[in-house]
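**Q** How does the following fold in three dimensions:
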Amino acid sequence: MNKIHLLIIDPQNDFCDIDGATLPVSGADEDMKRVAAIVNRIGSKLEDIHVTLDSHRLVDIAHPTWWRDQNGEQPTPYTIISADDIENGIWTPRDPDSRKRTLEYARQLEATGKYQICVWPPHCLIGTWGHNVQSDVNNALQRWSGKEFAVVDYVTKGSNPWTEHYGAMQAEVPDPTDPTTALNTDFLAMLSEADIVIVAGEALSHCVKETVTQIADNIGDEHVRKFHILTDCSSPVAAVPGGPNFPIIAQDWLREMQGRGMSLTTSVEFLT
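**A** A predicted model of the protein is given here:
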């Protein structure tokens, strides 16, 4: 019998397009209802379910509270802050003593070639409703756990305020003093033991993209073909006017993963 694992990335209220969410992704709530439906449909065939949880504090380098402009004002959400902006005093940390480290982080982040600092609305704050798992998914997980006498594997990320942590496997710039920001080899080992891993979650253009890419880069080529991405259970962040077109970035990335050997399927097609 195949060992089938389900990986659900950040299925949290703040990412769903529902009242009260602080960083809603269009289509995410319906995505999560489809995730719940597949858990209910194939739960008896799932050996393990892994759920990653974006877990932030209000004071975070990617939240407005970290920053001030020359007039003492916080940046609006979705402001992009470059290392040059910090160097030139356009944006400075609220705590002057953190300027050197903040500037070093911005430079290291840009050196990865993937991102600059993006100021997000405060989201998935630990202990808040927004941090909780979307209700349909949570109900399905509780039913699965009770029926199968199995423990859901919850994996938190993002609690270090000094670095962004889109991918669940590793922070964008690991903090050498904080092992939770380093590559999560235990999580990789668990996934490598599966015969099939199906993937869902939010947002397709950010945390799903980064998590799955980190897995593909680190788990070994012999395991990459195990992964099946449920394309109807994940949506991208909307395009930013004058900025990145995240839906196109997400579609390009899906083709890249398919080229590396992963399968694209849907929650209806899988195991039918």
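
**Q** Point out where the protein drops to low pLDDT.
**A** Residues of the chain that meet the criterion pLDDT under 70 are absent altogether.

**Q** how about 90 then?
**A** For the chain, the stretches with pLDDT under 90 are 1-2, 78, 113-115, 239-244, 272.

**Q** show me where the stretch 51-200 of the chain has strands.
**A** With strands called from DSSP state E, counting those that start in this stretch, the stretch 51-200 of the chain shows them at 67-68, 80-81, 92-93, 117-118, 153-157, 196-201.

**Q** Show me what the longest one is packed up against.
**A** By that I understand strand 196-201. When contacts are defined as 3 or more CB pairs under 8 Å, 6 or more residues apart in numbering; DSSP states H and E, strand 196-201 sits against strand 4-9, helix 28-42, strand 227-230. No exception for glycine: its C-beta is placed from N, CA and C like everyone else's.

**Q** For residue 208, find the nearest of the ones you listed.
**A** Among the helices and strands packed on strand 196-201, strand 4-9 comes nearest to residue 208, with 5.0 Å by CB to CB.

**Q** Please enumerate residues in contact with the closest one?
**A** 35, 38-39, 42, 45-52, 137, 168, 190-191, 194-202, 207-208, 211, 234 (CB atoms under 8 Å, 6 or more residues apart in numbering).

**Q** And these, which of them are buried?
**A** Buried by 16 or more other CB atoms under 10 Å: 35, 38-39, 42, 46-52, 137, 168, 190-191, 194, 196-202, 207-208, 211, 234, out of those.

**Q** thinking again about what came up before, as CSV, the strands of the stretch 51-200 of the chain with distance to residue 27 would be great.
**A** As requested, those are exported to CSV (distance: least, CB to CB, whole Å):
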stretch, distance to residue 27
strand 67-68, 30
strand 80-81, 24
strand 92-93, 35
strand 117-118, 21
strand 153-157, 23
strand 196-201, 13
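
**Q** quick one, which of the ones you listed is nearest to residue 146?
**A** For the strands of the stretch 51-200 of the chain, distance to residue 146 was read as CB to CB. The smallest value, 16.0 Å, belongs to strand 153-157.

**Q** Contacts made by that closest one with the rest, please.
**A** By CB under 8 Å, 6+ apart, strand 153-157 touches 48-55, 165, 167-168, 171, 180, 184, 187, 190.

**Q** what does stretch 11-23 give?
**A** For stretch 11-23, contacts defined as CB under 8 Å, 6+ apart pick out 24-29, 32, 35, 51, 53-54, 120-124, 129-134, 137, 200-203.

**Q** same deal with stretch 27-44?
**A** Contacts for stretch 27-44 (CB under 8 Å, 6+ apart): 4, 6, 8, 11, 15-18, 46, 49, 134, 136-137, 139-141, 143-144, 147-148, 198, 200-203, 230, 232-235, 267, 270-271.

**Q** circling back: make a markdown table from the helices and strands packed on strand 196-201 and add distance to residue 243 to it.
**A** Below are those laid out as a markdown table (distance: least, CB to CB, whole Å):
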| stretch | distance to residue 243 |
| --- | --- |
| strand 4-9 | 23 |
| helix 28-42 | 20 |
| strand 227-230 | 25 |
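
**Q** Quick one: closest of these to residue 101.
**A** Across the helices and strands packed on strand 196-201, residue 101 has its closest neighbour in strand 4-9 (28.6 Å, CB to CB).

**Q** how about the CA coordinates for that closest one, as PDB?
**A** Taking C-alpha atoms only, strand 4-9 is exported to PDB below (Å, rounded to 0.1, in the frame of the first residue of the first chain):
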ATOM      1  CA  ILE A   4       0.400   8.900   0.900                       C
ATOM      2  CA  HIS A   5       1.100  12.200   2.700                       C
ATOM      3  CA  LEU A   6      -0.900  15.400   2.400                       C
ATOM      4  CA  LEU A   7       1.100  18.700   2.800                       C
ATOM      5  CA  ILE A   8      -1.200  21.700   3.500                       C
ATOM      6  CA  ILE A   9       0.700  25.000   3.400                       C
END
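
**Q** Since that was my last question, I'll sign off now.
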